[in-house]
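Peer 1: Have a look at this fold, sequence not included:
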């Protein structure tokens, strides 16, 4: 009983560390971007997507080193379900008029997002995500980045300064260094928290006879989505005209990165053997359904309305209830 409470505490503390470190790293990177006059495009599609992938990456690498890469697979697929439903829904509900999706970059990235979300599922259909599959996934991610940076107009708008504060060059450098140190400290926390997540997941799997894939889908995947959920809600609440597209930019990048680069990296370290697909059956169905709904809403309406957000939220609730029912 004491050991169970101990590992439960480790998991909760580690998940909390992911959340608060993710929140701090988001704030620090946005401040750095404003000081250095980085583009809004870089913040939403690149920086935030990388930040959102860090928890998945560290959990994935540590789980691969510990010879349990199935945890990483469940984490990423579960996280994709969360991002396509809960994250998008919360952001749209907090926004005044939903989330606009008229940006050509958002519309084009929608195809990459949909393909990336189902790609690992298709490659693992034979029961294994091999090193060759890992190379394919990483190649897809590299191709996506090459396409992303191929259009000059995506870099035309710089991020605005809050309050139009002007700082001296020396002050800016000092301020940037502080934020860089905060980012590095958060990365260190990510590494420690990832070890706590993996250790507690191993204990739960052995003690309660839970599948590692199920733990990744149902528990770890939700916790690792904290950075993009925070950024999406914060951006939606600000409600700045012309900035709303950054929400979908972040969420799409947060889906593509883990599904391709993270799982590809894990597969290169240790091929992911999936001998039993039954714990993954429910998530696979909900993932495909969520992708279809998300694609349809963004493509047809070019906006995620509050009604559509409520529908996506219902999908997530149904996913949770179904997983609990199947487990029981």
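Peer 2: Looks like it arrived, so ask away. Owing to the predicted nature of the structure, the values given are computational and were not obtained by experimental measurement. Numbers count the residues shown, from 1 in each chain.

Peer 1: all strands of the stretch 101-250 of the chain, in order?
Peer 2: 128-129 (DSSP state E, counting those that start in this stretch).

Peer 1: where does it have low pLDDT?
Peer 2: Scanning the stretch 101-250 of the chain for pLDDT under 70 picks out 151-176, 223-224, 226-227, 231, 235, 238-246.

Peer 1: Run through the helices of it in chain order.
Peer 2: Here the stretch 101-250 of the chain has its helices, by DSSP state H, counting those that start in this stretch, at 104-123, 131-148, 169-208, 212-215, 221-223, 226-238, 245-257.

Peer 1: Between those, which one is closest to residue 17.
Peer 2: Among the helices of the stretch 101-250 of the chain, helix 169-208 comes nearest to residue 17, with 4.0 Å by Cβ to Cβ. Quick note: C-beta positions are derived from backbone N, CA and C, even for glycine.

Peer 1: Please identify the most buried of the helices of the stretch 101-250 of the chain.
Peer 2: Highest mean neighbour count of the helices of the stretch 101-250 of the chain: helix 245-257, a mean of 27 (counted as mean count of other Cβ atoms under 10 Å).

Peer 1: same for that one, what does it pack against?
Peer 2: helix 48-65, helix 88-94, strand 99-100, helix 104-123, helix 131-148, helix 226-238 (3 or more Cβ pairs under 8 Å, 6 or more residues apart in numbering; DSSP states H and E).

Peer 1: Just the angle for the fourth one relative to helix 245-257, thanks.
Peer 2: Looking back up the chat, that one is helix 104-123. Orientation check (axes from the mean of the first three to the mean of the last three Cα atoms, to 10 degrees): helix 104-123 against helix 245-257 gives 20 degrees.

Peer 1: so where does the residue nearest to residue 86 when sequence neighbours are not counted fall, helix or strand?
Peer 2: Nearest residue to residue 86 in three dimensions, chain neighbours excluded: residue 316, at 4.5 Å (Cβ to Cβ, 6 or more residues apart in numbering). In the assignment (DSSP states H and E), residue 316 maps to helix 306-327.

Peer 1: pLDDT on that helix, on average?
Peer 2: Averaging pLDDT along helix 306-327 gives 87.

Peer 1: and it, what other elements does it pack with?
Peer 2: helix 70-82, helix 88-94, helix 278-296.

Peer 1: Name the stretch among the ones you listed that sits most buried.
Peer 2: Mean neighbour counts for these (mean count of other Cβ under 10 Å) peak at helix 70-82, with a mean of 29.

Peer 1: what sits against residue 63?
Peer 2: 69-72, 75, 198, 201, 266 (Cβ atoms under 8 Å, 6 or more residues apart in numbering).

Peer 1: could you list every residue that touches residue 99?
Peer 2: 88, 91-92, 236, 244-245, 247-248, 303-304.

Peer 1: per-residue confidence at it?
Peer 2: pLDDT, residue 99: 84.

Peer 1: Leaving out chain neighbours, which residue sits closest to it?
Peer 2: residue 304 (4.3 Å).

Peer 1: quick one on the thing from earlier: so can I have CSV of the helices and strands packed on helix 245-257 showing distance to residue 256?
Peer 2: Below are these laid out as CSV (distance: least, Cβ to Cβ, whole Å):
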stretch, distance to residue 256
helix 48-65, 7
helix 88-94, 15
strand 99-100, 18
helix 104-123, 4
helix 131-148, 6
helix 226-238, 12
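
Peer 1: With respect to residue 219, which of the ones you listed lies nearest?
Peer 2: helix 48-65 (11.4 Å).

Peer 1: What's the per-residue pLDDT of residue 25 here?
Peer 2: For residue 25, pLDDT reads 75.

Peer 1: and the gap between residue 109 and residue 298?
Peer 2: Residue 109 sits 10 Å away from residue 298, going by Cβ to Cβ, to the nearest Å.

Peer 1: Pull up the overlap in contacts between those two.
Peer 2: Counting by Cβ under 8 Å, 6+ apart, nothing touches both residue 109 and residue 298.

Peer 1: Next, format the helices and strands packed on helix 306-327 as CSV and append mean pLDDT.
Peer 2: Shown next, in CSV, are the helices and strands packed on helix 306-327 (pLDDT from 0 to 100):
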stretch, mean pLDDT
helix 70-82, 88
helix 88-94, 88
helix 278-296, 85
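
Peer 1: Please tell me how far residue 255 sits from residue 295.
Peer 2: From residue 255 to residue 295 the distance is 12 Å (Cβ to Cβ).

Peer 1: repeat for residue 113
Peer 2: 8 Å.

Peer 1: So for stretch 5-21, mean pLDDT?
Peer 2: 84.
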